[in-house]
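Engineer: I'll drop the sequence and a predicted model, then ask my questions.
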Amino acid sequence: MLICLLLEKEVVMRSIINKIIAILLIVVFIEIIKIPNKIYAGFADFDDETADAQGRNDLLEQQEQDAQNAGKSSNNYLTELSVKGYELTPTFDKQTVNYSIEEEIDENSLEINAVVDDERATVLGTGNVSLQTGENNLRIDVKAENGLQRTYFIKCNKKIEDEELTLSAIKLLAISEDGSTQEIFLNKQISNDVFEYSCDVYSDVDKIQIETTSEKSDANITITGNENLKEGKNTITIALKDNSGKETIYKIQVNKQYSKKSETKTEKNNSNIVPIIMAVLLIVIILIVFSKAKKNKKSRKH
């Protein structure tokens, strides 16, 4: 009987514990669901507060700026705009900000003049302005007293300079009688204002192959005097001619060494003289010795 009572109490306790656990789980689950809403609400409150603060700061800054600019001029117009030696299109009007110069410009710079409508305004981009080859879009900035800015533009084209009728590179390749080749070099670097050069080659070089690079694409290049080189001085002429008939002449003096045959002949002549001298010296020595021996023989007889 006692055992039965104990078992019934244990069952009741377990039932109560299970109910308590179930209730706790439900409460925890509900709280977990509420957490994101609280977080989002916190962010919303934070964003609203930040936005309000930022708005107040912007308003204060604007009010402060307005107070500083109170009574200051907002006039950022020009009353005059011109380019020395050239005409602007369209005719200047302070309300118009875009202009152009129709004709091509040869100069490397332009002189821009501008007069502000309000003397309290400042202007940038006037005076002597450098140009680049091709299209240029020049700007003139006018800043009013209160800081407001207006920009005027002048579009113009700088003429592309004609290519010079000159050489930018000359490569020389010496060709010997046996067909072998060797690069040779001029006495100075190629320059646009130098038209005469020189080089030295060995005696067995019969021809010089020349490769050139012209600054002007339509140049017709003619080379003469680079074949059948003779001993001593040779002159190679490189003539450049364009479609307009303009011509530029380069000259290269080639100093070819004298042949080895001449050197061999001289050496041979020298080699023939040596034995003759030696023979003469030997004869002289023999005569001297013979003469001394004869004198000694006579002295013994006496």
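Structural biologist: Arrived safely. Numbering: from 1, shown residues only.

Engineer: Can you show me the strands along the stretch 201-302 of the chain?
Structural biologist: 205-214, 220-224, 232-241, 247-256 (DSSP state E, counting those that start in this stretch).

Engineer: what's the closest of the ones you listed to Asn187?
Structural biologist: Relative to Asn187, the nearest member of the strands of the stretch 201-302 of the chain by CB to CB is strand 247-256, separated by 9.0 Å. The C-beta positions use only the backbone N, C-alpha and C, and glycine is treated the same way.

Engineer: who's in contact with that closest one?
Structural biologist: Contact with strand 247-256 is made by 165-167, 170, 172, 186, 195-203, 205, 208, 229-241, as judged by CB atoms under 8 Å, 6 or more residues apart in numbering.

Engineer: Paired strands for that strand, with orientation please.
Structural biologist: Here strand 247-256 has these sheet partners by DSSP bridges: strand 196-201 (parallel), strand 232-241 (antiparallel).

Engineer: just for the stretch 101-250 of the chain, where's the confidence low?
Structural biologist: The stretch 101-250 of the chain contains residues with pLDDT under 70 at 161-162.

Engineer: Give me the secondary structure label for Ile33.
Structural biologist: Look at Ile33: counting by DSSP: H, G, I helix; E, B strand; the rest coil, its state is helix.

Engineer: Make TSV out of the strands of the stretch 201-302 of the chain and add distance to Asp52 and mean neighbour count.
Structural biologist: Conversion of the strands of the stretch 201-302 of the chain to TSV gives the following (distance: least, CB to CB, whole Å; neighbours: other CB atoms under 10 Å):
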stretch	distance to Asp52	mean neighbour count
strand 205-214	72	16
strand 220-224	80	13
strand 232-241	79	16
strand 247-256	79	18
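
Engineer: My read is that Leu173 contacts Phe185, right?
Structural biologist: No: counting by CB atoms under 8 Å, Leu173 stays clear of Phe185, with 11.0 Å between them.

Engineer: what ranges do the helices span in the stretch 151-300 of the chain?
Structural biologist: Taking DSSP state H, counting those that start in this stretch, the helices of the stretch 151-300 of the chain run over residues 260-301.

Engineer: who's in contact with the nearest residue to Glu163 once chain neighbours are set aside?
Structural biologist: Distance criterion CB to CB, 6 or more residues apart in numbering; nearest residue to Glu163, sequence neighbours excluded, is Lys216 at 4.1 Å. Shown in contact with Lys216 (CB under 8 Å, 6+ apart): Glu163, Glu164, Leu165, Thr166, Leu240, Asp242.

Engineer: what do you get if the cut-off is 10 Å, keeping everything else the same?
Structural biologist: Lys216 makes contact with Asp162, Glu163, Glu164, Leu165, Thr166, Leu167, Ser168, Leu240, Asp242, Asn243, Lys246, Thr248, according to CB atoms under 10 Å, 6 or more residues apart in numbering.
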